[in-house]
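Engineer: Next one to model:
(one chain, ligands or ions: 1)
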Amino acid sequence: MKLIFPLVLASLTSMACNNGTTNANSNNTKTDSLDNSTATEKPNTNYKPAFEGQTRITSVKTNTAYQGTIITESLNSPWGIAVLPDGRLLITEKKGTLRIVDPASGKVSEKIEGVGEVDDKGQGGLLGIALDPDFATNRMVYWVFSEKVDKGNHTAVAKGKLADDEKSIQNKQVIYRALPTYNGDKHYGGRIVFAKDGNLFVSTGERSDKETRPQAQDLKSALGKILRITKEGKPAAGNPFEGNKDALPEIYSYGHRNTQGLAFHPETGTLWNNEFGPLGGDELNLIKAGVNYGWPTITYGLEYSGDPIGNPPIQQKEGLEQPVYYWDPVLSPSGMAFYTGNNIPEWKNNLFLAGLNSYHIARLVIKDNKVVGEERILDKEGKQRFRDIAQGKDGALYAITDGGRLYKIDKK
Ligand SMILES: [Ca+2]
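Structural biologist: Numbering: from 1, shown residues only. Okay, here's the model as predicted:
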């Protein structure tokens, strides 16, 4: 089934009204001409950015006519997308299954088994996924999941082979565990990407609770980090804390709250992350080896209760890296991808971030490592929580939502 979104918008709006709710933006306080940014909602704080353009940048608009087409609505809490060599999409589902979707026909495969048990309560489950650079010949798949053990759970990385008949993952092997284990159900991180050198970058979260939060700053803990590991799960050679007895050798960067998006810039090859902030303070960062990204010492956000974080709360501190960009109010960013397609020329090398509570995809124009424009894509599109986004082999963007949809976003 394929639907073009303006056609379904009417029915979605009426469904929403039946529930006594309206679309996303009308629930927020609107202000008139607060600035020229795409954000029409009031910020949660009056914190001052570290530099001009660090937040609420000037809004931009796509001129090329584009559309979001619903390819399927039958996925079950999809979380991560990997693009297969033939253009089909291998998609993780939170409860622990994989499916292959053919975006050309809309056909969704049966469940692919063999990933094994995942602890899918709360924010846990089967999370991000990446294909081996040699997937075409070895069919190896790498994924992140929350692993249940006696005393709780932790983020883990596993690998296995996609069977030739595509019905199962064979020979699952857990290659890495982000310790310590904790008995919680939040902030697992969960994105995984292959670098050009064949090593993996994996994100972990600090497990959300005040008890574990300081571990984002603790180099002996794997929580709240970006890790760089080999295909065997070992610390990659040349990591910044290699040889340091007071640090885990797999750590690449630290001071992260809950990295939900990782992507390489197509021109510069640099690694970027987004991390889910608290109330306000979602961040986009340019990731560098050995750098401290500040959580929870500095943040542009508040506790969900509205209380400040830190006493006194600080947003900038020497030695702690500033985000390239931050959102207040939040985007609730999840997966993200740079656009390298040709169909929409003004999107070239722009970054697209899936937004959860904001119900849209953020398009960021980036120049010289600064954000110079922002646009909301598929905004007010039926209250969809966008979980991940990837570029297909056909050059279109594909986005999945918690409600089970797969969108194709491309020129009209
Ligand atoms: Ca930060």
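Engineer: in which helix or strand would I find A237?
Structural biologist: Counting by DSSP states H and E, no helix or strand carries A237.
Engineer: can you pull out the helices in this protein?
Structural biologist: For the chain, the helices defined by DSSP state H occupy 5-18, 135-138.
Engineer: least reliable of those going by mean pLDDT?
Structural biologist: Mean pLDDT per stretch puts helix 5-18 lowest among those, at a mean of 35.
Engineer: Now for the closest residue in space to L248 that isn't next to it in sequence: which residues touch it?
Structural biologist: Of all residues not flanking L248 in the chain, A222 sits nearest, at 6.0 Å (C-beta to C-beta, 6 or more residues apart in numbering). The way it works is simple: take the backbone N, C-alpha and C, and place the C-beta from them, glycine included. By C-beta atoms under 8 Å, 6 or more residues apart in numbering, A222 lies in contact with 155, 177-180, 204, 248, 250-251.
Engineer: what pLDDT does A222 get?
Structural biologist: If you check A222, the pLDDT there is 99.
Engineer: Look up phi and psi at it.
Structural biologist: Main-chain torsions, A222, degrees, to the nearest 10: phi -90, psi 0.
Engineer: Give me the distance between it and G198.
Structural biologist: A222 is 21 Å from G198, where distance means C-beta to C-beta, to the nearest Å.
Engineer: now swap in V157 and tell me
Structural biologist: Relative to G198, and taking C-beta to C-beta, V157 is found at 15 Å.
Engineer: What of E303?
Structural biologist: Here the criterion is C-beta to C-beta. By it, E303 lies 41 Å from G198.
Engineer: With V141 instead?
Structural biologist: Distance of V141 to G198, given as C-beta to C-beta: 15 Å.
Engineer: So between the two, which is more surrounded?
Structural biologist: Counted by other C-beta atoms under 10 Å, V141 and G198 do not tie: V141 has more neighbours, with 24 against 12.
Engineer: what's the more buried one in contact with, if anything?
Structural biologist: Applying C-beta under 8 Å, 6+ apart, the residues near V141 are 82, 90, 129-132, 135, 159-162, 169.
Engineer: thought R88 was touching L98?
Structural biologist: No - in this structure, R88 is not within contact of L98 by C-beta atoms under 8 Å, at 11.9 Å.
Engineer: These two: who's more crowded?
Structural biologist: Neighbour tally, R88 and L98, criterion other C-beta under 10 Å: the higher count belongs to L98, 25 against 20.
Engineer: If I look at that one, what pLDDT would I see?
Structural biologist: 98.
Engineer: what sits against it?
Structural biologist: L98 sits next to 90-92, 111-112, 115, 126, 129, 169 when contact means C-beta under 8 Å, 6+ apart.
Engineer: So which of these wins on neighbours?
Structural biologist: Result: T92 is most packed of the contacts of L98 (other C-beta under 10 Å), 32 neighbours.
Engineer: Run through the residues that contact that residue.
Structural biologist: Contacts for T92 were tallied using C-beta under 8 Å, 6+ apart; they are 78-80, 98, 126-129, 143.
Engineer: In JSON lines: those residues, plus distance to the ion.
Structural biologist: What follows is the contacts of T92, written out as JSON lines (distance: C-beta to the ion, whole Å):
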{"residue": "P78", "distance to the ion": "28"}
{"residue": "W79", "distance to the ion": "23"}
{"residue": "G80", "distance to the ion": "23"}
{"residue": "L98", "distance to the ion": "32"}
{"residue": "L126", "distance to the ion": "27"}
{"residue": "L127", "distance to the ion": "21"}
{"residue": "G128", "distance to the ion": "20"}
{"residue": "I129", "distance to the ion": "26"}
{"residue": "W143", "distance to the ion": "26"}
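Engineer: In those residues, find the pair that's most separated.
Structural biologist: Largest separation among the contacts of T92 by C-beta to C-beta: P78 and W143, giving 13.0 Å.
Engineer: Quickly note the distance from the residue of the stretch 1-150 of the chain found nearest the ion to D197.
Structural biologist: Proximity of the stretch 1-150 of the chain to the ion (C-beta to the ion) peaks at A50, 10.9 Å away. The gap separating A50 from D197 is 32 Å, by C-beta to C-beta.
Engineer: coming back round to it: of the contacts of T92, which belong to strands?
Structural biologist: Secondary structure defined by DSSP state E assigns 78-80, 98, 126-129, 143 of the contacts of T92 to strands.
Engineer: between those, which is nearest F386?
Structural biologist: Nearest to F386 among these is P78, at 10.6 Å by C-beta to C-beta.
Engineer: In the stretch 301-412 of the chain, which residue sits closest to the ion?
Structural biologist: Proximity of the stretch 301-412 of the chain to the ion (C-beta to the ion) peaks at P323, 5.3 Å away.
Engineer: Which strands or helices does the longest strand anywhere in the chain pack on?
Structural biologist: Ranked by residue count under DSSP E, the longest strand found in the chain is strand 169-182. Packing contacts for strand 169-182, counted by 3 or more C-beta pairs under 8 Å, 6 or more residues apart in numbering; DSSP states H and E, involve strand 140-149, strand 152-162, strand 225-229.
Engineer: so which of these gets nearest P103?
Structural biologist: Nearest to P103 among the helices and strands packed on strand 169-182 is strand 152-162; the distance by C-beta to C-beta comes to 17.9 Å.
Engineer: Give the buried residues for the closest one.
Structural biologist: By 16 or more other C-beta atoms under 10 Å, the buried positions in strand 152-162 come out as 152-162.
Engineer: do stretch 308-321 as well
Structural biologist: Neighbour counts using 16+ other C-beta under 10 Å place 309, 313, 315, 320-321 of stretch 308-321 among the buried residues.
Engineer: Then stretch 132-150?
Structural biologist: Neighbour-count burial for stretch 132-150, counted by 16+ other C-beta under 10 Å, picks out 132, 135, 139-148.
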